[in-house]
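Asker: sequence plus predicted model, see below.
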Amino acid sequence: MAGNTRYAMVMDTAKCVGCNACVLACKAENRVPDGFCRDWIVEEIRGEFPNLSAEIRSERCNHCDEPPCVDTCPTGASHINEGGVVLVTHDKCTGCKACIASCPYDARFVHPDGYVDKCTFCLHRVQDGKQPACVTVCPTRSLTFGDLNDPNSEVSRLLKTRSHKVLLPEAGTKPHVFFLA
């Protein structure tokens with residue numbers, strides 16, 4: 001794996017049907033306790049009746065280039081790992097919730113065992129040459145994962161050829177989850 005790898009996820013909002021397969025796959029793969037989730041489905045309705053539109057999104061930690069969660073963590077438990085993946089080292093985490101308060105995406109929760117938990121882009125799977133669990137089960141193939149620094153990767157191609165956005169660009173976090181229009 002190249003040292004300049006930068007992982008990213010692209011979510012096609014035109015394809016997502018809100019089935020929650022990604023959420024269930026994540027819960028099973030990562031043994032997420034009942035009542036918690038590392039990713040979730042959002043349905044946003046825009047406009048005024050009768051001119052309404054809906055956007056369905058699968059959301060998660062945005063694995064930012066400028067993650068406030070890392071900056072506010074007093075123990076160093078929140079850190080940037082290979083490929084720009086933001087992780088939490090469970091045995092260093094005190095559960096103080098500073099990272100939760102600083103995350104503009106509400107992407108973290110306190111695990112019942114006392115540490116903060118969140119999406120990891122299934123780095124354990126990626127290191128084995130697999131895709132994140134959410135990507136592998138999506139029936140509409142609305143999730144794409146890959147190396148943003150590889151101009152031939154599917155994520156790079158999609159971002160070059162399709163209109164896209166990030167959530168809360170005004171937060172200045174430089175997120176690496178992109179939403180296609």
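Answerer: Good, I have the coordinates.
Asker: can you give me the buried ones in the top helix by length along the chain?
Answerer: If you go by DSSP state H, the chain has its longest helix at helix 21-30. Going by neighbour count (16 or more other CB atoms under 10 Å), the buried part of helix 21-30 is 21-27, 29-30. Just so you know, the C-beta spots here come from the backbone N, C-alpha and C atoms, and that holds for glycine as well.
Asker: got CSV for those, with pLDDT and distance to residue 47 too?
Answerer: Putting the buried residues of helix 21-30 into CSV (pLDDT from 0 to 100; distance: CB to CB, whole Å) gives the following:
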residue, pLDDT, distance to residue 47
21, 98, 28
22, 98, 26
23, 98, 27
24, 98, 31
25, 98, 32
26, 98, 31
27, 97, 33
29, 98, 36
30, 97, 36
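Asker: adding distance to residue 120, write those out as JSON lines.
Answerer: JSON lines is the format used below for these (distance: CB to CB, whole Å):
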{"residue": "21", "distance to residue 120": "18"}
{"residue": "22", "distance to residue 120": "14"}
{"residue": "23", "distance to residue 120": "15"}
{"residue": "24", "distance to residue 120": "17"}
{"residue": "25", "distance to residue 120": "14"}
{"residue": "26", "distance to residue 120": "10"}
{"residue": "27", "distance to residue 120": "13"}
{"residue": "29", "distance to residue 120": "10"}
{"residue": "30", "distance to residue 120": "7"}
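Asker: strands of the chain, residue ranges please.
Answerer: Listed from the start of the chain, the chain has strands (DSSP state E) covering 7-12, 39-48, 51-60, 78-80, 86-88, 109-110, 116-117, 143-147, 164-165, 177-180.
Asker: of those, flag the one that's most buried.
Answerer: With neighbours defined as mean count of other CB atoms under 10 Å, those peak in mean count at strand 7-12, which reaches a mean of 24.
Asker: the longest helix of the chain to strand 143-147, inter-axis angle?
Answerer: Calculated by axes from the mean of the first three to the mean of the last three CA atoms, to 10 degrees, helix 21-30 forms an angle of 60 degrees with strand 143-147.
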